[in-house]
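**Student:** below is the sequence, then the predicted model.
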Amino acid sequence: AQKKLVDGLAWSLNIFTSVAIVMVNKQLMNGSGYGFSFATTLCGLHFLCTSSIGLFTSSNKGGSDVNASGEKMRVPPNDIAMFVVVAATSIIGLNMSLML
């Protein structure tokens, strides 16, 4: 039950941040906004910001993938496959929405 709650929270946060990034991109690239015309640079800046936030807020700074009981943590292949499908669909949909 707790895994479903954490998964639901993670998906919700992913959707919220994705929509927020699209809104910021539209404002930055829109002619009535800032008129920023370098989409690849903008994508790189988003990646840099996201990576640095992940790096500085990581609770697992040691790089260890062992849980409290000493077992090696693994992500089930079904979860990885679902993540890849949803992430790819999300990226395609978000990029298409920038053309609207």
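**Tutor:** All right, it came through fine.
**Student:** look up the closest residue to the residue nearest to the spatial centre of the chain, ignoring the ones flanking it.
**Tutor:** The C-alpha lying nearest the average C-alpha coordinate of the chain belongs to N14 (CA atoms, centre = their mean; 5.8 Å). Computed as CB to CB, 6 or more residues apart in numbering, the closest residue to N14 that is not its neighbour in sequence is S90, at 7.7 Å. (Each C-beta comes from the backbone N, C-alpha and C, glycine too.)
**Student:** neighbours of that neighbour, how many?
**Tutor:** Per other CB atoms under 10 Å, the neighbour tally for S90 reads 13.
**Student:** picking that back up, next secondary structure after the host helix or strand of the residue nearest to the centre of the chain?
**Tutor:** Assigned by DSSP states H and E, N14 belongs to helix 2-29. Downstream of helix 2-29, the first helix or strand assigned by DSSP H and E is helix 39-57.
**Student:** just want the angle from that following helix to helix 2-29.
**Tutor:** Angle between the axes of helix 39-57 and helix 2-29 is 140 degrees (criterion: axes from the mean of the first three to the mean of the last three CA atoms, to 10 degrees).
**Student:** other SSEs contacting helix 39-57?
**Tutor:** Secondary-structure packing of helix 39-57 (3 or more CB pairs under 8 Å, 6 or more residues apart in numbering; DSSP states H and E): helix 2-29.
**Student:** buried residues in the helix it packs on?
**Tutor:** Counting neighbours by 16 or more other CB atoms under 10 Å, one finds that the buried residues in helix 2-29 are 18, 21-22, 25, 28-29.
**Student:** TSV for the residues you listed, including distance to L48 and pLDDT?
**Tutor:** Output for these, formatted as TSV (distance: CB to CB, whole Å; pLDDT from 0 to 100):
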residue	distance to L48	pLDDT
S18	17	80
I21	13	81
V22	18	80
N25	15	80
L28	15	82
M29	18	81
